[in-house]
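Turn this into a model:
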Amino acid sequence: MKKVIKIMLTAFTCLLILSACGKKQQTSENKKPLNVPSLASAFDTSGISLQKYNGIKVTSNQLKGGDSKAKVMKSLGKPIRTSDTKLTNNQTAKEYTWQLGNDAKIKYIFAIVYKDKILSKGYQQNTSSKIVKKQQIIKLSKNSNYKDVINELGSPLAEEISDGVQFLTYQTDKNGNAYNLTFKDNKLSNKMASQLNK
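Residues are numbered from 1 along each chain as shown. Okay, the predicted model is just below:
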């Protein structure tokens, strides 16, 4: 009987020592900082956003300045589509497209790459984006500043930027009526009524 009690006491002591060791390991592990992703990165599963799009720098037609293809790929991730496109000088360039689902604010972002430089970029929001009153666009004066127009009207339905020229599209009603605004050197140079493709 004494032997059985001794064996049980020894086993119990061993269990206490092991559990104490386990607790020490847990507390030392708990002291290590956890690499928990931020809420923003948790929702940014696609790798694309307006913030990242705005960070892309377009080169000039002389290929001076601007971001490289590698930098944009690192920022936006792998594109959903790649295709060839012809430039005005008849040279071939690559167009890369990054796409989100239909419930997202941005439908897609694209970038045209020529000789490893971002020659042009653009995006399109889903048609459920904010509709701008036609009167707001009509009252815009010629030479209005690009940033001032964005601040006043909000993000456009679509945008394309290439070598100092910006093209913005704003939807003005639910029937697909819209306006295309052209900016040269950040100044409004043209307003044209248009119809969105359905």
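
and residue 120, bridged to which residues?
Beta bridges link residue 120 to residue 112, residue 162 when assigned by DSSP bridges.

That one contacts residue 160, correct?
Yes - using CB atoms under 8 Å, residue 120 is in contact with residue 160, at 6.5 Å. Any C-beta I mention is one placed from the backbone N, CA and C, and that applies to glycine too.

And residue 95, which helix or strand is it part of?
Taking DSSP states H and E as the definition, one finds residue 95 inside strand 92-99.

next one: residue 53
Residue-wise, residue 53 maps onto helix 50-54 under DSSP H and E.

Name the residues of whichever helix or strand comes after that helix that are buried.
Reading on from helix 50-54 to the C-terminus, the next helix or strand found by DSSP H and E is helix 69-76. In terms of neighbour count (16 or more other CB atoms under 10 Å), helix 69-76 has its buried residues at 69, 72, 73, 75, 76.

I'd like to know which of those residues is nearest to residue 185.
Nearest to residue 185 among the buried residues of helix 69-76: residue 72, at 23.8 Å, using CB to CB.

For the residue most central in space within the chain, grab phi and psi.
With distances taken as CA atoms, centre = their mean, residue 49 lies nearest the centre of the chain, 1.9 Å away. Per-residue torsions, residue 49: phi -160, psi 160 (degrees, to the nearest 10).

what bridges to the closest residue to it other than its chain neighbours?
Of all residues not flanking residue 49 in the chain, residue 106 sits nearest, at 7.2 Å (CB to CB, 6 or more residues apart in numbering). Beta-bridge pairing for residue 106 (DSSP bridges): residue 125.

Any figure for the gap between residue 106 and residue 195?
Residue 106 sits at a distance of 22 Å from residue 195 (criterion: CB to CB, to the nearest Å).

Who has more neighbours out of these two?
residue 106 (20 against 9; other CB atoms under 10 Å).

quick one, helices of this structure?
Per DSSP state H, the chain carries helices over the ranges 2-30, 39-43, 50-54, 69-76, 134-138, 146-153.

Count the neighbours of residue 119 for me.
Using other CB under 10 Å, residue 119 has 23 neighbouring residues.

From residue 68, how far off is it?
12 Å.

now do residue 94
Plainly put, residue 94 is 13 Å away from residue 68 if you go by CB to CB.

same question, residue 110
16 Å.
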